[in-house]
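**Q** The sequence and its predicted three-dimensional model are supplied below.
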Amino acid sequence: MSRFGVFLCRCDGNISNTVNIDRLEKHFSQTCVVETDQHLCSLQGQQKIKNSIRKHDLQGVVVAACSPNNHGKTFRKCLSDTGLNPYLLELANVREQCSWVTKDQKSATRKARDLVNASIQRLQHAEPLSEFLVGVTNAALVIGGGIAGITAALSLAENGIKTYLVERQPSIGGNTVRIGKVFSPHKMVEECAMCSLSPLMNDVYEHPNITLLTNAEVTSVIGTAGRFSVDIKIKPRSVNERCTSCGECATVCPIEVADWWNANTRNRKAIYKPFPQAVPDRYVIDIENCVKCGKCSKACKSKAIELEAEPSLQKVKVGAIVLATGHEEFDPSLRPELGYARLDNVITQLELARIIGVNGPTNGELLRPSDGAKPSKIIMIQCVGSRDEKPNGLHYCSSVCCMVALKHANYISDYSPGTQISVLYTDIRTPGIYENYYRHVQDKGVRFIRGRASEVKQKAGKLYVSVEDTLRSKCVELDADLVVLSTGMLPSKGTVELAQKLGIELSEELFVKEKHPKLEGASTSIKGIYVCGTAQGPKDITYSVLQADAASLEALSLIGQGSLSIEPLSAFVKDSCNGCGICVRHCRNNAIKIVDRAATIDPMLCTGGGACIHACPTGALDLHNSTEAQLEASIRGMLAGKVNGEIRNIAFLDSKIGYAAADNIGASKLQYPSSVRIISVPSVLRLAPRHIDLAFKLGADGVFIGQGFEAESCGENFESVESKLNNLSASVAQLGIDPARLKIYRVYIPHFVGLHKRLMQFDKGIRQNDEPSDELALRSET
Amino acid sequence: MANSDSSNNFDYLYKKENKVRCLQCGRCAAGCPAAHVFSEYNPREVMRRVQDGEEHELHKDPIIWLCGQCYTCNSRCPRNNNPASIILQARERAYKQGHAPAEIYQQSAALLESLFLNGVTVSPVLLKEKLGVLSELVDVERLTKLRAELGLPEHNSREVPIPAKAIKQIRTIITSTSGQGERANDA
């Protein structure tokens, strides 16, 4: 027996309130050196581990504590500090996947015992590994060209980093362009958004370190921190650099479409310049709407129009990525009782911003849409779509709408004196010095009525808003000439799409989840990818810009390291390789080459998913830190000691998304039966039918496979992962295993609630299905 | 009757309404037709009383009989609360504990009797003769005309005789589910 140390963390009750640590201590003392601590992650706790390694000359360490995603690195360092190879460590996740998800002390203790046991078994097959250094690409990618993306790109470029700024629209500027006015809580006046933004946009255009790619979107990202390869698809602009912005083309263009830059309050042509200060300062053809009639080409004196231009693809290599993909507005027509889209004079705050914007549909004059008359009574309705749990509602407070309403109320009071404005609110949220604005606007005579509007009706051309003045318990119908809805903020579609491509974690609300809500507010779940602005959550310009600087600082400090140590978790070749080359075809990352009649694997290119391993006919491939022996030991360990009548279900989850989602179930304290035992695999492609078969032979009642939806599983796209999983389940069926006992599920990380539901359903299904398991008993005997 | 006062069930339903989560925003009241007519009735205030832990007193307050059970409050509530259903629970409790107005007992007895004897709850005859509702709606001639205008079949579905077998089943249900069946039987 090897000399192993088992360290049990109480986590200040987080673990020990449910798991009987004393019992575990007694149990494992028979075979291992055992120590317990309130906080193994503390300096004192770490010292205890180090002292014990030295004192007992330990050959391997099991730490039973929180998820490896929390303190895995901390504990590895304890080993390397004492000269023990850091890969001779196994972590038993007895907090997120045991004490936090199990109420019953007995079952929790038993499950913890099994998790530790599985770790000990696995540790017997651990191999010492060493990390290696790779160079970091001295370049960064910023996705999204709104105020956050612009700020991040400039910060990076100023610090000497080659920066690519990718924007989907034909001009940078984003929503800041559309809102027209920004509030200044120090001066109590509304400033021109463009006056601050335009110089920044010009700096981006002229900066030697910035490559601006507009009309472009990121289609794929592969690689890891320090060495990402990114594909960017660029839509043809169809107007070249010779354009002088004279506008003749737009005059003759026969196609009119709604103008997004004006919040659809007016139309633009199919050839257009988004707004006068657009960057790049050039016209663009919207190829989705252009009919290629050629009138613009004839009108253009500079011969700048290229109707037949094709989309192009640009490949770039960067060390870090900053996401600044922004937000969208809640669609108020989802609340039909408020009349939007049905009644002309019910508009959103963004539309009001366009109306009072000098380059908007009325050239800045406050006129209402139905008849162009000047409204004398305006009602603003707060919390439209926000703090709303009805279908499609946003459960959160969108945090900026109170200030937006105050800003517009203040502006209108100044520029259209005599206009009566009432704000119908649920709660006014003006934190910090923003409160000054509230007081200031109250002084201006704006009415504040505490009540959420229930409906908007139109009678004889006048609007009536039903609301209860809840402070007076009075239900009233207020008349208005114009009703303005303060709509909530939701993550842009681009944010969600990109997050799925990158495999980064989203919050429950589908914003990009920061790595730590307090300490790492601009980092994402993936190293090397950072986030800022409204892609991360509702916030105003001030906070978007602050976060953009934080994100670029994070990116800078990563790139500035020059090189990064990489975990040696690649596949490797054993002596039995005969050089047949079958594996080469199975590796989408082109990491395998045949040299001198044997396969060699480039550890830099290998992403360690393990798809190649089963492709090898001679069994000559294996995967570091997830070897056949280690995987088998995990399966054996998780099923060891199963007693008569007990149910055990094995859940294989990929280490990146599935496993993290399972941790989130724990962090949210959702409960599931202790029969579910989770085994982390680098990717589910690592699994072969023999692993599933082994689990059933050892007495598993069910096997659950959860694969995260992500771009990178051995470079395979999702469809091919899917088809490989289908093959796996077909092979398992051929082995005579009841298909009802095997469940394959895609894990979307924001929906750890979904994973929880599936695990519960699966476990329940297995229990209902469980005939006295004669067949299984027989199978395990043979 | 007393044994069927399901106070546990009552608690459960309150819990389901997420009473403590009410924002007191007044969207329910602003959309409530009854609150517009009766100044003493306000669904938001009903929710406030539930939040304050006074739900078990609610059944004694006559305002609960002012609600029209249209459920607009529920459809407007941003937190998916349901004041109308809370009112319904309070009414049930009031009825069982003898706090409902006298005409409620008369009406419900008449409805139950009608159901027991004829297999239908409300019929024009019942409305007119037993409940004393003298609305124009009870004018059979006018109803027939209205049906024609609306393109409905001339036949009034309420006049379709209920099969004897079905009536027998209805009676069994009534007798076995409430003590009131016997009373109706006596009548």
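**A** Done, it's in.

**Q** so what are the domain limits for the chain?
**A** Went with chain A since none was named. A:1-131, A:134-234+A:312-326+A:492-566, A:236-310, A:330-490, A:570-623, A:626-782 (automatic domain parsing).

**Q** not what I meant, chain B
**A** With automatic domain parsing as the reference, chain B has domains B:6-96, B:102-186.

**Q** Do you have the strands of chain B handy? List them.
**A** When assigned using DSSP state E, chain B turns out to have no strands.

**Q** Quick check: residues of it near chain A?
**A** Residues of chain B lying near chain A by Cβ under 8 Å from any Cβ of the partner chain: B:23-32, B:35-36, B:42, B:44-45, B:76-80. Every residue, glycine included, has its C-beta placed from N, CA and C.

**Q** Can you say which of the residues you listed are buried?
**A** Neighbour-count burial within the residues of chain B next to chain A applies to B:23-32, B:35, B:42, B:44-45, B:76-79; the criterion is 16 or more other Cβ atoms under 10 Å in any protein chain shown.

**Q** Among those residues, which are located in helices?
**A** B:27-31, B:35, B:44-45, B:76 (DSSP state H).

**Q** neighbours around residue A:639, how many?
**A** Close neighbours of residue A:639, defined as other Cβ atoms under 10 Å in any protein chain shown, add up to 22.

**Q** Roughly how far does the closest residue to it other than its chain neighbours sit from residue A:116?
**A** Closest residue to residue A:639 apart from its sequence neighbours, by Cβ to Cβ, 6 or more residues apart in numbering or on different chains: residue A:698 at 4.2 Å. Distance, residue A:698 to residue A:116, by Cβ to Cβ, to the nearest Å: 18 Å.

**Q** More neighbours: which of these two?
**A** Taking neighbours as other Cβ under 10 Å, residue A:698 and residue A:116 compare with residue A:116 leading, 27 against 19.

**Q** Within the helices and strands, which one has that one?
**A** helix A:105-123 (DSSP states H and E).

**Q** With only the CA atoms kept, save that helix in CSV.
**A** The C-alpha trace of helix A:105-123 is given here as CSV (Å, rounded to 0.1, in the frame of the first residue of the first chain):
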residue,chain,number,x,y,z
GLN,A,105,-26.5,13.4,7.0
LYS,A,106,-26.3,9.7,6.6
SER,A,107,-26.5,9.6,2.9
ALA,A,108,-24.2,12.6,2.6
THR,A,109,-21.6,11.0,4.7
ARG,A,110,-21.9,7.7,2.8
LYS,A,111,-21.6,9.6,-0.5
ALA,A,112,-18.6,11.6,0.7
ARG,A,113,-16.9,8.3,1.8
ASP,A,114,-17.4,6.9,-1.7
LEU,A,115,-16.1,10.1,-3.4
VAL,A,116,-13.0,10.0,-1.2
ASN,A,117,-12.6,6.3,-1.9
ALA,A,118,-12.9,6.8,-5.6
SER,A,119,-10.2,9.5,-5.4
ILE,A,120,-7.9,7.1,-3.5
GLN,A,121,-8.4,4.5,-6.1
ARG,A,122,-7.7,6.9,-8.9
LEU,A,123,-4.6,8.3,-7.1
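
**Q** any low-confidence regions in the stretch 351-500 of chain A?
**A** Under the criterion of pLDDT under 70, none of the stretch 351-500 of chain A is flagged as low confidence.

**Q** Tell me which stretches of it form helices.
**A** Ranges of helices within the stretch 351-500 of chain A are A:401-415, A:434-443, A:493-502, based on DSSP state H, counting those that start in this stretch.

**Q** In chain B, where is pLDDT below threshold?
**A** Applying pLDDT under 70 to chain B picks out residues B:1-19, B:124-125, B:128, B:130-138, B:155-159, B:179-187.

**Q** Quick one: the helices in it, in order.
**A** Remark: helices assigned in chain B by DSSP H are B:7-16, B:27-31, B:33-37, B:43-51, B:72-76, B:83-96, B:102-118, B:124-125, B:140-149, B:164-177, B:180-186.

**Q** Mean neighbour count, the ones you listed: which tops it?
**A** helix B:27-31 (a mean of 30; mean count of other Cβ atoms under 10 Å in any protein chain shown).

**Q** List of residues touching that one?
**A** Defining contact as Cβ atoms under 8 Å, 6 or more residues apart in numbering or on different chains, one finds that helix B:27-31 is touched by A:337, A:451-455, A:466-468, A:470, A:473, A:475, B:35, B:42-45, B:47, B:72-78, B:81, B:83.

**Q** Residue A:471 - nearest residue in space that isn't next to it in sequence?
**A** Per Cβ to Cβ, 6+ apart, closest to residue A:471 is residue A:450, 5.1 Å.

**Q** ok, now which ones touch that neighbour?
**A** Residue A:450 neighbours (Cβ under 8 Å, 6+ apart): A:425-426, A:469-471, B:26.

**Q** Nearest to residue A:615 among those residues?
**A** Residue A:615 lies nearest to residue A:426 out of these, by Cβ to Cβ, at 59.1 Å.

**Q** Counting neighbours, what do you get for that closest one?
**A** 23.

**Q** didn't it look like it was pressed against residue B:23?
**A** Yes. With contact defined as Cβ atoms under 8 Å, residue A:426 and residue B:23 form a contacting pair (6.0 Å).

**Q** Can you check which residues contact both of those two?
**A** A:387, A:452.

**Q** From residue B:120, how far off is residue B:160?
**A** 9 Å.

**Q** on that earlier part again, next SSE downstream of the helix holding residue A:116?
**A** Going down the chain from helix A:105-123, the next helix or strand is strand A:132-135, by DSSP H and E.

**Q** which strands and helices sit next to that next one?
**A** Using 3 or more Cβ pairs under 8 Å, 6 or more residues apart in numbering or on different chains; DSSP states H and E, the elements in contact with strand A:132-135 are strand A:563-566.

**Q** Would you mark the buried spots in the strand it packs on?
**A** Neighbour counts over strand A:563-566 (16+ other Cβ under 10 Å) mark A:564, A:566 as buried.

**Q** average pLDDT across it?
**A** For strand A:563-566, mean pLDDT is 88.

**Q** higher neighbour count, residue B:160 and residue B:120?
**A** Between residue B:160 and residue B:120, counted using other Cβ under 10 Å, residue B:120 has the larger neighbour count: 18 against 10.

**Q** shouldn't that one be in contact with residue B:114?
**A** Yes. Counting by Cβ under 8 Å, residue B:120 does reach residue B:114; the two are 6.3 Å apart.

**Q** what residues are up against residue A:339?
**A** Contacts of residue A:339 (Cβ under 8 Å, 6+ apart): A:346, A:455-458, A:463, A:483.

**Q** Would you list the buried entries among the residues you listed?
**A** A:346, A:455-456, A:458, A:463, A:483.

**Q** Any chance of CSV for the residues you listed, columns distance to chain B?
**A** Listed next are these as CSV, based on distance: Cβ to the nearest Cβ, whole Å:
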residue, distance to chain B
A:346, 16
A:455, 6
A:456, 11
A:458, 16
A:463, 15
A:483, 14
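
**Q** So which of those residues sit within strands?
**A** Applying DSSP E to these, the entries found in strands are A:346, A:455-456, A:458, A:463, A:483.

**Q** Quick one: name the residues of chain A near chain B.
**A** Counting by Cβ under 8 Å from any Cβ, chain A sits next to chain B at A:337, A:383, A:387-390, A:393, A:426, A:450-455, A:466-470, A:473, A:475.
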